[in-house]
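Participant: Sharing a model that was predicted from the sequence below.
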Amino acid sequence: MDSKRRIAISTPSRSVDEITGSRRLRRMRKADWSRRLVQENHLTVNDLIWPIFLIDGENRREEVAAMPGVFRLTVDLAVKEAERAAALGIPALATFPNVNLALRDLTGSEILNPDNLINRATRAIKQAVPEIGVITDGALDPFTSHGHDGILRDGIIVNDETVEQVAAGAVQQAAAGADIVAPSDMMDGRIGAVRDALDAAGFQDVAIMSYATKFASAFYGPYREAIGTQGLLKGDKKTYYLDHANSDEAMREIEQDLDEGADMIMVKPGLPYLDIIRRAKDEFAVPTFAYQVSGEYAMIEAAAANGWIDGEKAMMESLMAFKRAGCDGILTYFAPRVAEILRG
């Protein structure tokens, strides 16, 4: 017997048209013009929110080691970047401060300082570029000496005292000119408290973006380096961030925050939680955002630097995934790069 066996290949008894019923889905993929004509989702510059990091000083920038191309900026340079963002058509910035260690304490009291780093940046940006939106984070982690998002008492992050401080800090941020306050601390009742505090202070038009589903995730590491909490954090944040295994609980968090007055919701991280984004959009039909967090950015950049993927294509594909899942907008460190591509 011939040692090389022949494999018999049988032809189908039916034609392709008989099998598909004349439905040939490749017809509209054959050319660039036809693919563009039937594209279901579109990414535009209007979908982008650019997170930027702040430091004290003047005319100084520090690259974040784990996030190539991302810098901590002094306020004067942040203003220049805001001007660049506005010129590119980016609708809004989200600011995150790396606060001097001497100003951090167990309660994060520096958030109450009307002249703290985040508020100085807001005033400067709004004065120079009034047309761009500014989103500020109301959590305490950049201001605490332990790196947690709330006030630490006897080893416990206390809920109600933290909420009171977050709400007071939100008023200071609104007074500085913030258009949207985004409390990311995940304390119970924070949205209602922030809404009440803003309204009582005359800031009824300041919106709230709720980090409604912020998961206890391994993808935050480079961000913690960027704001200077990586070496401070003791333990983890699982007692107040969402368990990444829980989808139903995430929906309950969203429902509660909307009931308390949130104007829009955010899912964080992004790509590992596309199912949460889709479910949230389907169930609540409210403005829905995702944060493509530092770890997601770092993975794409690292793989691209090693030549393992086409970085630009992966970047654009990842953002389209958010739109396909139902996002109205995306916080992404890629924002200015993407805006340049879309513009060109």
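Facilitator: Thanks, I have it. As the structure is a prediction and not an experimental result, all values here were calculated from the model.
Participant: From now on I want contacts and neighbour counts done on CA atoms only, so please keep to that.
Facilitator: OK.
Participant: residue ranges of the helices in the stretch 201-344 of the chain, please?
Facilitator: 221-227, 248-260, 274-284, 294-305, 311-325, 335-343 (DSSP state H, counting those that start in this stretch).
Participant: Tell me which residue is most central in the chain.
Facilitator: Centroid-nearest residue in the chain: residue 291, 2.0 Å away (criterion: CA atoms, centre = their mean).
Participant: who touches the closest residue to that one other than its chain neighbours in this structure?
Facilitator: Leaving out its chain neighbours, the residue that sits closest to residue 291 by CA to CA, 6 or more residues apart in numbering is residue 331, at 4.6 Å. By CA atoms under 8 Å, 6 or more residues apart in numbering, the residues touching residue 331 are 48-51, 94, 289-293.
Participant: residue ranges of the strands in the stretch 1-150 of the chain, please?
Facilitator: 48-54, 61-63, 71-73, 92-97, 133-137 (DSSP state E, counting those that start in this stretch).
Participant: closest to residue 147 out of those strands?
Facilitator: Nearest to residue 147, of all the strands of the stretch 1-150 of the chain, is strand 92-97, at 12.8 Å by CA to CA.
Participant: any idea of the angle that closest one forms with helix 335-343?
Facilitator: 160 degrees (axes from the mean of the first three to the mean of the last three CA atoms, to 10 degrees).
Participant: Pick the most deeply packed of the strands of the stretch 1-150 of the chain.
Facilitator: strand 133-137 (a mean of 26; mean count of other CA atoms under 10 Å).
Participant: Mind giving me the packing neighbours of it?
Facilitator: Strand 133-137 sits against strand 92-97, helix 117-128, strand 180-182, with contacts defined as 3 or more CA pairs under 8 Å, 6 or more residues apart in numbering; DSSP states H and E.
Participant: Need these in a markdown table (columns: distance to residue 343).
Facilitator: Written out in a markdown table, the entries for these read as follows (distance: least, CA to CA, whole Å):
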| stretch | distance to residue 343 |
| --- | --- |
| strand 92-97 | 17 |
| helix 117-128 | 23 |
| strand 180-182 | 26 |
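Participant: out of the ones you listed, which comes closest to residue 310?
Facilitator: strand 92-97 (26.8 Å).
Participant: just checking, what packs against the closest one?
Facilitator: Looks like strand 92-97 contacts strand 48-54, helix 117-128, strand 133-137 (3+ CA pairs under 8 Å, 6+ apart).
Participant: of all the ones you listed, which lies closest to residue 241?
Facilitator: Using CA to CA, those put strand 133-137 closest to residue 241, at 15.7 Å.
Participant: Starting from that closest one, tell me which strands it pairs with and how they run.
Facilitator: strand 92-97 (parallel), strand 180-182 (parallel) (DSSP bridges).
Participant: Enumerate every residue touching the nearest residue to residue 143 once chain neighbours are set aside.
Facilitator: Take residue 143 and drop its neighbours on the chain: the residue closest to it by CA to CA, 6+ apart is residue 108, 4.4 Å away. By CA under 8 Å, 6+ apart, the contact set of residue 108 is 140-145, 150-151.
Participant: Show me where the stretch 51-200 of the chain has its helices.
Facilitator: 75-88, 117-128, 159-176, 190-200.
Participant: which one of the ones you listed is the most hemmed in?
Facilitator: helix 159-176 (a mean of 23).
Participant: okay, that helix in PDB with CA atoms only?
Facilitator: C-alpha atoms of helix 159-176 as PDB (Å, rounded to 0.1, in the frame of the first residue of the first chain):
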ATOM      1  CA  ASN A 159     -18.200  55.500  54.200                       C
ATOM      2  CA  ASP A 160     -20.200  58.400  55.500                       C
ATOM      3  CA  GLU A 161     -17.400  60.700  56.600                       C
ATOM      4  CA  THR A 162     -15.800  60.100  53.200                       C
ATOM      5  CA  VAL A 163     -19.000  61.000  51.400                       C
ATOM      6  CA  GLU A 164     -19.200  64.300  53.300                       C
ATOM      7  CA  GLN A 165     -15.700  65.200  52.300                       C
ATOM      8  CA  VAL A 166     -16.100  64.200  48.700                       C
ATOM      9  CA  ALA A 167     -19.200  66.300  48.400                       C
ATOM     10  CA  ALA A 168     -17.400  69.300  50.000                       C
ATOM     11  CA  GLY A 169     -14.500  68.800  47.600                       C
ATOM     12  CA  ALA A 170     -16.900  68.700  44.600                       C
ATOM     13  CA  VAL A 171     -18.300  72.100  45.600                       C
ATOM     14  CA  GLN A 172     -14.700  73.500  45.500                       C
ATOM     15  CA  GLN A 173     -14.100  71.900  42.100                       C
ATOM     16  CA  ALA A 174     -17.400  73.400  40.700                       C
ATOM     17  CA  ALA A 175     -16.400  76.800  42.100                       C
ATOM     18  CA  ALA A 176     -13.100  76.600  40.300                       C
END
